[in-house]
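Chemist: Whatever this is, show me its structure:
(chains A and B)
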There are 2 protein chains.
Amino acid sequence: MSTLLGNEIHVFLVGPGGVGKELLHQIQETKPEIRVVGLGNSRFMHFDPNGIDLDSWETLIADEPMSLDGFIERMVSLHLDNSVFVDCTSSEAVAATYATILQSHISVVTPNKKANSGPFSTYLELQNLSEDVKFLYDANVGAGLPIIHTIQTLRRAGDQVIKIEAILSGTLSYLFNTYDGSLPFSTIVRHAQRKGYTEPDPSEDLNGMDMARKFLILAREAGYALERSDIDILPFLPESCFDAPTVEEFYQRLADYDEQLSYLVKDAADKGAKYRFIGTLEDGRATLSLKAIGPDHPFYHISGTDNIAAITSRNYPKSPVVIKGPGAGATVTAAAVLANIVQN
Amino acid sequence: MSTLLGNEIHVFLVGPGGVGKELLHQIQETKPEIRVVGLGNSRFMHFDPNGIDLDSWETLIADEPMSLDGFIERMVSLHLDNSVFVDCTSSEAVAATYATILQSHISVVTPNKKANSGPFSTYLELQNLSEDVKFLYDANVGAGLPIIHTIQTLRRAGDQVIKIEAILSGTLSYLFNTYDGSLPFSTIVRHAQRKGYTEPDPSEDLNGMDMARKFLILAREAGYALERSDIDILPFLPESCFDAPTVEEFYQRLADYDEQLSYLVKDAADKGAKYRFIGTLEDGRATLSLKAIGPDHPFYHISGTDNIAAITSRNYPKSPVVIKGPGAGATVTAAAVLANIVQN
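Modeler: Numbering: from 1, shown residues only, chains lettered A, B, ... in the order given. You can find the predicted model right below:
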């Protein structure tokens, strides 16, 4: 990528929280060629064209009040070669600035899914702006797993994606990899929450919305002009679970469903099958649903919180390309962002 | 990659055999921006700076007698922007020209493993020459599977590879995925040969040498300065099988070993394990050997001729990144070469 060649890369980072903080740590440890020139959090921002001292960025950042427009103006006005805007927020407002930034000849690298899972017109606009400067977002799906990369590489060589199956939620992966009907499902969810595998409100994982956003991005990368509303989510829990006013009430309502789920899972087991919550793209239609799969299916044998994707294409018609591994976490997400920053 | 930017890419291809022929087909079908300017096989070569008509390259190529030096001289003297030398031979002599070509500011893309699995000094020299112009060889291992890419991406972000396990031979994968001791092993090998899964002399697959070359490349990509002689191959067949004077004699000697292998595999099955021929890189040591693995191992459940690699790193310490799928064949190999040609 021409703009990122040369010795020094100038990074402008917004959102030095979990992933962003880990990214700054990884830059400091391994990348002397990267100068972090601008830093902004929700309250403050700080710039230093000579590079911010990463030993004390947490103090230095409290320099000026943060304003997103001000941050971008300053970044653009510095006119530094090999500038990269890195968005480690999950903000829609920040995502809405990418087009302007790319038009200012500054690359954008982000794990933030908001832009790519918004309207298709936005996705397309950003794709079209990614030429001399780059818009790179490998960490949008599966963190450091080469899922987006693989789809892009197949298509770059003229291949056509025929089918994608994927489990893109560590939480949903864990729940169905662990649940065999012996303990109540609601208990398994409580265990997952205690292990830190769920959002503070687990219903946010169980409704499949986050996975749907990731799956939408994969479908678009595969060449399908889908909108978020085109992804059919077939929930495996009754609607009542999702409008519970409190987390405790959610668990109560979930428990009412334990017996039914247990019957379903044990019945599948009798037939040699297991349930997995799977995103499926086929014939241009994208669906997320609970599926009973047998031992021949590549998703039958996964365990823990692993993500997995199986890509069938014209060149891979019978046995798909399968990619599996941990698909979340600050370390691997930050590493994926860093790989995109130094990509050449 | 700066040299491959711009509208047109000028390809100089040697070796329009299986993979090379398929590559020309894929270029013709999907890549109007690629002009094939030079073509050479073992006997002839042909150049056309305006682009060789790919409908009739098989006739046009019989233009001048082939000389490797002459081919390279002509390519260099044409001074075309975005020139890429594509080596689809398996020749050592062609591999020996890459350094000169890269020094002439022409990128090199190849599925030919000879250079990267030769002396480490050669590997290192080519890595160092890959800057403004690129030396790209994703198809060296696993054809279109993103195995080399994943190791490179992890390391680019400062990660350290701790362990690699891999099955990089479709033949050896098939044999042990299929063999359960009920039919004699020598019969399974005959079946594999009949299905076209082996070399004309199957002992060339069973000696593990080809897989060792691929595994050596992975070890080098992971940062280990290993030579071919550092890869320990623990053969699973007696030496006598490998110096058989004819293929029929090889099968005779293999059959003498059927009972012993059957005992081994059935004994493992009694303990819930299966044998797989696996390359293992750990603590800087690389070994290829038959290993008994249990159902928790990601290689237990593979089938057919799939390749598979599991990469454990500092960032992926517990659950490795696993990549699986068809790892050979003209279509997927040519597509991987094409993706490297148009890589930006």
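Chemist: any idea which residue of chain A is furthest from its center?
Modeler: Here chain A reaches farthest from its C-alpha mean at residue A:270, the gap being 35.1 Å by Cα atoms, centre = their mean.
Chemist: Where do the strands of the stretch 51-200 of chain A begin and end?
Modeler: Assigned by DSSP state E, counting those that start in this stretch, the stretch 51-200 of chain A shows strands spanning A:64-65, A:83-87, A:107-109, A:135-136, A:161-167.
Chemist: want to try TSV for the ones you listed, with mean pLDDT as columns?
Modeler: Listed next are the strands of the stretch 51-200 of chain A as TSV, based on pLDDT from 0 to 100:
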stretch	mean pLDDT
strand A:64-65	98
strand A:83-87	98
strand A:107-109	98
strand A:135-136	98
strand A:161-167	98
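Chemist: Take the ones you listed and lay them out in CSV including mean neighbour count.
Modeler: Using the backbone N, CA and C atoms, a C-beta is placed for each residue, glycine as well. Output for those, formatted as CSV (neighbours: other Cβ atoms under 10 Å in any protein chain shown):
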stretch, mean neighbour count
strand A:64-65, 12
strand A:83-87, 26
strand A:107-109, 26
strand A:135-136, 22
strand A:161-167, 22
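Chemist: could you dump the ones you listed to JSON lines with distance to chain B?
Modeler: Converted to JSON lines, the strands of the stretch 51-200 of chain A look like this (distance: least, Cβ to the nearest Cβ, whole Å):
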{"stretch": "strand A:64-65", "distance to chain B": "30"}
{"stretch": "strand A:83-87", "distance to chain B": "13"}
{"stretch": "strand A:107-109", "distance to chain B": "12"}
{"stretch": "strand A:135-136", "distance to chain B": "12"}
{"stretch": "strand A:161-167", "distance to chain B": "13"}
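Chemist: Same list, the ones you listed, but as TSV with distance to residue B:276 please.
Modeler: Compiled in TSV, these are given as follows (distance: least, Cβ to Cβ, whole Å):
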stretch	distance to residue B:276
strand A:64-65	59
strand A:83-87	41
strand A:107-109	38
strand A:135-136	36
strand A:161-167	25
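Chemist: For residue B:96, find the nearest of those.
Modeler: Closest of those to residue B:96 is strand A:135-136, at 35.9 Å (criterion: Cβ to Cβ).
Chemist: from the chain's centre, how far out does stretch A:39-46 sit?
Modeler: Here stretch A:39-46 shows a centroid-to-chain-centroid distance of 23 Å under the convention Cα atoms, centre = their mean, to the nearest Å.
Chemist: same check, this time on stretch A:243-250
Modeler: Distance, stretch centre to chain centre, for stretch A:243-250: 26 Å (Cα atoms, centre = their mean).
Chemist: One more: stretch A:147-159?
Modeler: Its chain's average C-alpha position is 18 Å from that of stretch A:147-159, according to Cα atoms, centre = their mean.
Chemist: before we move on, what about stretch A:120-131?
Modeler: Per Cα atoms, centre = their mean, the displacement of stretch A:120-131 from the mean C-alpha position of its chain is 18 Å.
Chemist: Could you see whether chain B lies near that stretch?
Modeler: No - if you take Cβ under 8 Å from any Cβ of the partner chain as the test, stretch A:120-131 misses chain B, and the best it gets is 8.8 Å.
Chemist: Now that stretch: average pLDDT?
Modeler: Mean pLDDT, stretch A:120-131: 96.
Chemist: Equivalent analysis for stretch A:223-232, please.
Modeler: Computed over stretch A:223-232, the average pLDDT equals 97.
Chemist: Endpoints of that stretch, how far apart?
Modeler: 18 Å (Cα to Cα, to the nearest Å).
Chemist: Check which residues of that stretch are buried.
Modeler: By 16 or more other Cβ atoms under 10 Å in any protein chain shown, the buried positions in stretch A:223-232 come out as A:224, A:226, A:231.
Chemist: Name the SS class of residue A:37, please.
Modeler: Assigned by DSSP: H, G, I helix; E, B strand; the rest coil, the conformation of residue A:37 is strand.
Chemist: quick one: it from chain B, how far?
Modeler: Per Cβ to the nearest Cβ, to the nearest Å, residue A:37 is found 20 Å from chain B.
Chemist: That residue against residue A:82, yeah?
Modeler: No - using Cβ atoms under 8 Å, residue A:37 is not in contact with residue A:82, being 10.6 Å away.
Chemist: which neighbours do these two share?
Modeler: Residues touching both residue A:37 and residue A:82 by Cβ atoms under 8 Å, 6 or more residues apart in numbering or on different chains: residue A:10.
Chemist: can you pull the contacts of the nearest residue to residue A:172 once chain neighbours are set aside?
Modeler: Nearest-residue entry for residue A:172: residue A:277, 4.5 Å, with adjacent residues in sequence omitted and distances by Cβ to Cβ, 6 or more residues apart in numbering or on different chains. Shown in contact with residue A:277 (Cβ under 8 Å, 6+ apart): A:167, A:169, A:172-173, A:175-176, A:208, A:211, A:236, A:288-291.
Chemist: now those residues: which count as buried?
Modeler: Neighbour counting over the contacts of residue A:277 (16+ other Cβ under 10 Å) leaves A:167, A:169, A:172, A:173, A:175, A:176, A:208, A:211, A:236, A:288, A:290, A:291 as the buried ones.
Chemist: Which single one of these is nearest to residue B:69?
Modeler: Nearest to residue B:69 among those is residue A:167, at 53.7 Å by Cβ to Cβ.
Chemist: quick one: the closest one from residue B:133, how far?
Modeler: Using Cβ to Cβ, to the nearest Å, residue A:167 is found at 40 Å from residue B:133.
Chemist: again, but for residue A:219
Modeler: Computed as Cβ to Cβ, the residue A:219 to residue B:133 distance reads 36 Å.
Chemist: between the contacts of residue A:277, which is nearest residue B:141?
Modeler: residue A:167 (26.4 Å).
Chemist: Name the nearest residue to residue A:45, sequence neighbours excluded.
Modeler: Closest residue to residue A:45 apart from its sequence neighbours, by Cβ to Cβ, 6+ apart: residue A:66 at 4.6 Å.
Chemist: could you list every residue that touches the one you found?
Modeler: Residue A:66 is in contact with A:40, A:41, A:42, A:43, A:44, A:45, counting by Cβ under 8 Å, 6+ apart.
Chemist: try 6 Å
Modeler: Each residue near residue A:66 by Cβ atoms under 6 Å, 6 or more residues apart in numbering or on different chains is listed here: A:40, A:43, A:44, A:45.
Chemist: cool, and residue A:149?
Modeler: Contacts for residue A:149 (Cβ under 6 Å, 6+ apart) come out as residue A:138.
Chemist: Now do it, the pLDDT please.
Modeler: 98.
Chemist: Next up, the contacts around residue A:290.
Modeler: By Cβ under 6 Å, 6+ apart, the contact set of residue A:290 is A:236, A:275, A:277.
Chemist: my bad, residue A:326
Modeler: residue B:319 are the contacts of residue A:326 under Cβ under 6 Å, 6+ apart.
Chemist: hmm, 10 Å instead?
Modeler: Contact analysis of residue A:326 by Cβ atoms under 10 Å, 6 or more residues apart in numbering or on different chains lists A:142-145, A:170, A:173, A:304-307, A:332, B:315-321.
Chemist: In helices, which of these fall?
Modeler: Within the contacts of residue A:326, residues falling in helices by DSSP state H are A:170, A:173, A:332.
Chemist: What's the per-residue pLDDT of the closest residue to the first one other than its chain neighbours here?
Modeler: What it means is residue A:170. Sequence neighbours aside, residue A:305 is the residue nearest to residue A:170 in space, at 3.7 Å (criterion: Cβ to Cβ, 6+ apart). pLDDT for residue A:305: 94.
Chemist: Let me know the helix or strand that the nearest residue to residue A:136 once chain neighbours are set aside is in.
Modeler: Once flanking residues are discounted, residue A:136 sits nearest to residue A:340: 3.9 Å by Cβ to Cβ, 6+ apart. Assigned by DSSP states H and E, residue A:340 belongs to helix A:330-342.
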